[in-house]
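In: Quick one, what's the 3D model for this:
(2 chains)
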Amino acid sequence: TQLLEQSPQFLSIQEGENLTVYCNSSSVFSSLQWYRQEPGEGPVLLVTVVTGGEVKKLKRLTFQFGDARKDSSLHITAAQPGDTGLYLCAGGGYGGSQGNLIFGKGTKLSVKP
Amino acid sequence: EPEVTQTPSHQVTQMGQEVILRCVPISNHLYFYWYRQILGQKVEFLVSFYNNEISEKSEIFDDQFSVERPDGSNFTLKIRSTKLEDSAMYFCASSVDGYTGELFFGEGSRLTVL
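Out: Modelled structure (predicted):
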């Protein structure tokens, strides 16, 4: 059974600090996605990483896919209160299809002004 | 910006009743999904649907559940004989293809079974 473990589970920091959250698995994934979820809403796609070692940047967010494609990290530089939310990593695929995602439990980030 | 829309946003039902949750996927998307999230737990895959048939389903998606696309736009999830443990947020999602995990999720339908 493929599992994605995210750490830390909770993170509370001050505005302006940097942070990194991790997504780890013992399984190889052909791709991993990072989503952000607000309370009472659906996950919103942030990025997809496909190639081992790949690094993608989205403004202050930097996503990395591990060389072995078993892990990924999300680094936020100079966090802002607007970054507060639940960050989920997800990988395909249940039954072999990339769209049938396995989600981690998420990292709940709180950025205080 | 195109979005996945879901109705109702919240449904309260008595145990044993049937509920139908509705979704309108993004118009040029070909793959459709239902996921659920029990309060405080992971988002879990239920079923994927392509070309008017189920392409994959999880262990959760047993005979109590069914999906259909009755009119080419709506994509529905029917839950028969609801149980207390069916209380959850149900998310519909769609994607252009089934080769990436780039899903677009709706805002969810919260089901409360009393």
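In: low-confidence ranges in chain A?
Out: Applying pLDDT under 70 to chain A flags the ranges A:1, A:93-98.
In: First-to-last residue distance for stretch B:71-80?
Out: 21 Å (CA to CA, to the nearest Å).
In: buried sites along the lowest-mean-pLDDT helix or strand in chain B?
Out: None of the helices or strands of chain B scores lower by mean pLDDT, DSSP states H and E than strand B:53-57, at a mean of 91. Going by neighbour count (16 or more other CB atoms under 10 Å in any protein chain shown), the buried part of strand B:53-57 is B:S55, B:E56, B:K57. All C-beta atoms are positioned from the backbone trio N, CA, C, and that covers glycine.
In: And for the closest residue to chain B within chain A, the neighbour number?
Out: Among the residues of chain A, A:G42 lies closest to chain B, at 3.2 Å counting by CB to the nearest CB. Neighbourhood size, A:G42 [other CB atoms under 10 Å in any protein chain shown]: 23.
In: I figured it hits B:Y90, correct?
Out: No - with contact defined as CB atoms under 8 Å, A:G42 does not count as touching B:Y90 (10.1 Å).
In: Find residues that contact each of those two.
Out: Common neighbours of A:G42 and B:Y90, counting by CB atoms under 8 Å, 6 or more residues apart in numbering or on different chains, are B:G108.
In: Quick test: name the residue nearest the centre of chain B.
Out: The residue lying closest to the centre of chain B (CA atoms, centre = their mean) is B:W34, at 3.1 Å.
In: Next up, the contacts around that residue.
Out: Contacts of B:W34 (CB under 8 Å, 6+ apart): B:L21, B:C23, B:L46, B:V47, B:V67, B:L77, B:Y90, B:F91, B:C92, B:A93.
In: So the fourth one: helix, strand or coil?
Out: Classification of B:V47 into helix, strand or coil gives strand, according to DSSP: H, G, I helix; E, B strand; the rest coil.
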